[in-house]
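Visitor: sharing a sequence plus its predicted fold:
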Amino acid sequence: MRLWALTRKEALLLLRDPHALAVLFIMPTLFLLLMAGAMSNYMQDKPPALRLVLELQQDDDASQFFREALQAQLADSQLLPSSDELLARVHVPETFADTLLDSPHLGPSLSFPAQFDKLSRQRLRSAVSIALAQTRLLAYLEDSGVIDAKLSRAERLKLVQQRTQSQIIEQEQLASGDLSGRANATQLSVPAWLIFGMFFVVLPMAGGFQREQQSGTLLRLRCLGLSLSTLVLSKLLPYLAINLLQFGLLLAIGVYGLPLLGLPALSLPGSAAAYGLLAISIALATCSLGLLLAALARSSEQALLLGGGINIMLAAIGGIMVPKSVMPAAMAQLAEVSPMSWALDAFLTLLVGHGSLADIAPYCARLLLFAALFGAGGLLLFTRRVQRTQWTTHY
Amino acid sequence: MLELKCVSHCYPGTRRAALQGINLQLNAGECLGLLGSNGAGKTTLLSLLSGVLALQQGELRWDSSQPRLGLVPQQLAFYAGLKVGENLELFADLYRLRGTERRQRLQQCIDICALEDKLTRRSEQLSGGEQRRLNFAIGLLQPAELYLFDEATVGVDANNRQSLLAAVEALTADGKAVIYTSHYLEEVERVAQRILLLHEGQVRLDLDKRQLLGDDHGLLLEWPDAPPAGLNELLARLQLHAEILPKGLRIAALNSQQLLAISEFIAAQDGLPNLLRFGRPSLEQLYLRLNGGRL
């Protein structure tokens, strides 16, 4: 009865605290939407479609064949004969057809406007190289009489493609560790800001305890002879529930909300048990950290600064704000000390690596160990703090 | 009900003991007025009695094995974000009140503290006096053998204060023990049967209130500048001993004949005194005298 009463009280206070609700639900949702939108162009599954100018100096068969081979490589892209716009340009020289069999060979030249991103440059370079190789192969095969030059360009292109394409078997190895390099914006943003938001329960948790002590209500509770387990559980249970609610809500936004904004929907491969284990592991880690901060801070202001500061640090080094895939090796190694990084790796193992419960078990074990260590430390300090609660006087 | 023998307490890092050799006995149905200036040891004594501080030295004996305490601390010890009714219900749960007893005690506390029309308001939105009444109600709600009131009525208006003091008197009438500490000495004078004065951690005085205040009637006189000439001679003739004050005098005890003679002397003077007070000395007057003028 007492545990239920205290748990209900904690939940009521939390639900009536607009700042806490904003930090726990609105902030991660906004971050999620903004970052998923902001990164959607850069971190997408399909390469970006291109719009470029292909400058052919001659209208000969070799140049036209090159144009068709290039268009086949960039099927979703637009090749303009000319334009005044600032676009990437592929310049095919006048001597193109005559020098195809030369070795060494000087191919078409490429020019890029400054804003042309790295991924698009890479794509264009690959496409030009393949189209040029196919054009040169055609010249060789026609010269050797293997392909009849009287065939249509489409037929000849098909024959060349048959000779240059192989079936490549790709197999996904379940990566353990950082998969952020392969994740799209949705797969990265949803779990990252979900984890960030879950860790923010430490703020209301630690702040509420300070208010309880400063107001003297803790003194009343202490004099009632409440057991420590009742007191601690009454703090932990509501925040564990809030964490699980955040987990479900933000995943739902990823699955159902992002497509409404034109962003890729989050798909949730793997078993529900794996997500359940991950949610409980993260929630226990955040609540144990909250307990420790509650015992360490000496005022609401301190709890706010300490909790906010620690969370931002853990997020910055843990690959939440900047994906680990773009970090230098030393920073990526440093990320391994952050529980947010373990949680994110577990998430990416499920979302990107299509892993199972067994695959995320090592990450969950780390989170649970973190919860056990910080929880034990928090419990020890919390007990001392409660025992040192004094009858204070103002007059 | 409660007995303390040679209780001493020293806070870590301090040389002076906050309490030194305190002996105290408190019976059921008795209200002890606990007085002392700041730092006299009142808070330490309350902390020891409430179990907040562990006993370091001496003996603390209760009649029952698990005494229940009703606390009304100085701090507003409730949840500001909860409504008044929710706070009362929460503490009723924590006090393990159920059924009829729960309903009756809740209603009784709501009536005494005049909170009926405040039940649905957030506690943080109440005025200072209303918050103090809620704090009082939560302490009173606890069924207990001993109630500790620490500056329980600060900021409460005169009408409601009477009601709260009546509730404290009702507790002792009901056989509960009460320790009441306040800087409003007229409140202590009203509710307490015994006065315990602490000074620098030691008991300076522990007396029955009637014994302390006595039945003697005294006279206090003050003039704008100085007492008129001839007054000292009159007092000598009446065989009265007076305590000389900067602008007047205080006579501890006098009879009606002596009072009449002094009144006639005053009436014959050109100017009237600023202050003329005849009656039993108040606890505040005694306290100031005993405590060297420090409240």
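Guide: Yep, that arrived. Residues are numbered from 1 along each chain as shown, chains lettered A, B, ... in the order given.

Visitor: is chain B contacted by the lengthiest helix in chain A?
Guide: If you go by DSSP state H, chain A has its longest helix at helix A:357-387. No. Judged by CB under 8 Å from any CB of the partner chain, helix A:357-387 stays clear of chain B, getting no closer than 8.7 Å. Quick note: C-beta positions are derived from backbone N, CA and C, even for glycine.

Visitor: which other helices and strands does that helix contact?
Guide: When contacts are defined as 3 or more CB pairs under 8 Å, 6 or more residues apart in numbering or on different chains; DSSP states H and E, helix A:357-387 sits against helix A:228-252, helix A:272-296, helix A:339-351.

Visitor: single out the residue in the stretch 101-250 of chain A that lies closest to chain B.
Guide: A:G216 (3.1 Å; CB to the nearest CB).

Visitor: quick one, what contacts that residue?
Guide: The contact partners of A:G216, by CB atoms under 8 Å, 6 or more residues apart in numbering or on different chains, come to A:T392, B:P73, B:Q74, B:Q75, B:L76, B:A77.

Visitor: repeat for A:L277
Guide: A:L357, A:I360, A:A361, A:C364.

Visitor: picking up where we left off before, what are the buried residues along the longest helix of chain A?
Guide: Buried residues in helix A:357-387, counted by 16 or more other CB atoms under 10 Å in any protein chain shown: A:357, A:359-361, A:363-364, A:366-368, A:370-371, A:374-375, A:377-379, A:381-382, A:385-386.

Visitor: same deal with stretch A:332-341?
Guide: By neighbour count on 16+ other CB under 10 Å, the buried set for stretch A:332-341 is A:A332, A:A335, A:E336, A:S338, A:P339, A:M340, A:S341.

Visitor: ok, back up a step: from A:L14, how far off is the residue of the stretch 101-250 of chain A closest to chain B?
Guide: Applying CB to CB, to the nearest Å, the value for A:G216 to A:L14 is 21 Å.

Visitor: is chain A contacted by the one helix or strand in chain B whose mean pLDDT sits lowest?
Guide: The helix or strand of chain B with the poorest confidence is helix B:283-290; it has a mean of 70 (mean pLDDT, DSSP states H and E). No. For helix B:283-290, no contact with chain A is found by CB under 8 Å from any CB; the gap never falls below 15.2 Å.

Visitor: secondary structure element for the residue nearest to the spatial centre of chain B?
Guide: Residue closest to the average C-alpha location in chain B (CA atoms, centre = their mean): B:V188, at 2.9 Å. Following DSSP states H and E, one finds B:V188 within helix B:185-191.

Visitor: quick check: angle from the helix or strand just after that helix to helix B:283-290?
Guide: Tracing the chain past helix B:185-191, the next element assigned as helix or strand by DSSP H and E is strand B:194-199. Interaxial angle, strand B:194-199 versus helix B:283-290 (axes from the mean of the first three to the mean of the last three CA atoms, to 10 degrees): 30 degrees.

Visitor: what angle separates the helix or strand that comes right after strand B:194-199 from helix B:283-290?
Guide: The element immediately downstream of strand B:194-199 (helix or strand, assigned by DSSP H and E) is strand B:202-208. Per the same axes, to 10 degrees, the angle that strand B:202-208 makes with helix B:283-290 is 140 degrees.

Visitor: other SSEs contacting the helix or strand just after strand B:202-208?
Guide: Downstream of strand B:202-208, the first helix or strand assigned by DSSP H and E is helix B:209-213. The helices and strands touching helix B:209-213, judged by 3+ CB pairs under 8 Å, 6+ apart, are strand B:194-199, helix B:283-290.

Visitor: would you agree A:I147 is in contact with A:A139?
Guide: No. At 9.8 Å, A:I147 does not count as touching A:A139 under the criterion of CB atoms under 8 Å.

Visitor: still on that earlier bit, chain center to the longest helix of chain A: distance?
Guide: Distance, stretch centre to chain centre, for helix A:357-387: 25 Å (CA atoms, centre = their mean, to the nearest Å).

Visitor: with stretch B:185-200 instead?
Guide: Here the centre of stretch B:185-200 is set off from its chain's centre by 5 Å, with CA atoms, centre = their mean.

Visitor: for chain A, what lies in contact range of chain B?
Guide: Checking chain A against chain B by CB under 8 Å from any CB, the hits are A:1-2, A:4-6, A:8-9, A:12-13, A:16-17, A:211-212, A:214-217, A:219-226, A:389-395.

Visitor: now list the buried members of those residues.
Guide: Buried by 16+ other CB under 10 Å: A:2, A:5-6, A:8-9, A:12-13, A:17, A:211-212, A:215-217, A:219-224, A:226, A:389, A:391, A:393, out of these.

Visitor: next, count neighbours for the residue lying closest to A:L203 once chain neighbours are set aside.
Guide: In space, A:L203 comes closest to A:G307 once its chain neighbours are excluded; the distance is 4.5 Å by CB to CB, 6 or more residues apart in numbering or on different chains. If you count neighbours by other CB atoms under 10 Å in any protein chain shown, A:G307 ends up with 26.

Visitor: A:G307 in helix, strand or coil?
Guide: helix (DSSP: H, G, I helix; E, B strand; the rest coil).

Visitor: quick one: contacts for it?
Guide: Contact partners of A:G307, counting by CB under 8 Å, 6+ apart, are A:F200, A:V202, A:L203, A:A206, A:G207, A:G290, A:L293, A:A297.

Visitor: again with A:L106
Guide: Neighbouring residues of A:L106 by CB under 8 Å, 6+ apart: A:P93, A:T99.

Visitor: next, it: phi, psi?
Guide: Main-chain torsions, A:L106, degrees, to the nearest 10: phi -100, psi 110.

Visitor: chain neighbours aside, what residue packs nearest to B:E59?
Guide: B:K5 (4.2 Å).

Visitor: how many residues are close by B:T181?
Guide: Neighbours of B:T181 under the rule other CB under 10 Å: 26.

Visitor: is it true that it touches B:G41?
Guide: No. Using CB under 8 Å, B:T181 is not in contact with B:G41, being 11.1 Å away.

Visitor: near chain A, which residues of chain B show up?
Guide: Counting by CB under 8 Å from any CB, the residues of chain B near chain A are B:38, B:42-43, B:46-47, B:50-53, B:66, B:69, B:71, B:73-82, B:86, B:90-91, B:93-96, B:122, B:138, B:150-151, B:154, B:183.

Visitor: of these, buried ones?
Guide: Counted by 16+ other CB under 10 Å, the residues of chain B next to chain A give B:42-43, B:46-47, B:50, B:52-53, B:69, B:71, B:73-82, B:86, B:90-91, B:93-95, B:122, B:138, B:150-151, B:154 as buried.

Visitor: what comes up buried for stretch A:126-137?
Guide: Residues of stretch A:126-137 classed as buried by neighbour count (16+ other CB under 10 Å): A:A127, A:V128, A:I130, A:A131, A:L132, A:Q134, A:T135, A:R136, A:L137.

Visitor: make CSV from these and add secondary structure and pLDDT to it.
Guide: Formatted as CSV, the buried residues of stretch A:126-137 follow (DSSP: H, G, I helix; E, B strand; the rest coil; pLDDT from 0 to 100):
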residue, secondary structure, pLDDT
A:A127, helix, 94
A:V128, helix, 95
A:I130, helix, 94
A:A131, helix, 94
A:L132, helix, 94
A:Q134, helix, 93
A:T135, helix, 94
A:R136, helix, 93
A:L137, helix, 93
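
Visitor: domain ranges for chain B?
Guide: As recorded under automatic domain parsing, the domains making up chain B are B:1-68+B:144-157+B:171-213, B:79-142, B:216-279.

Visitor: now the ones you listed in TSV, please, with extra columns for mean pLDDT.
Guide: What follows is these, written out as TSV (pLDDT from 0 to 100):
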stretch	mean pLDDT
domain B:1-68+B:144-157+B:171-213	89
domain B:79-142	95
domain B:216-279	87
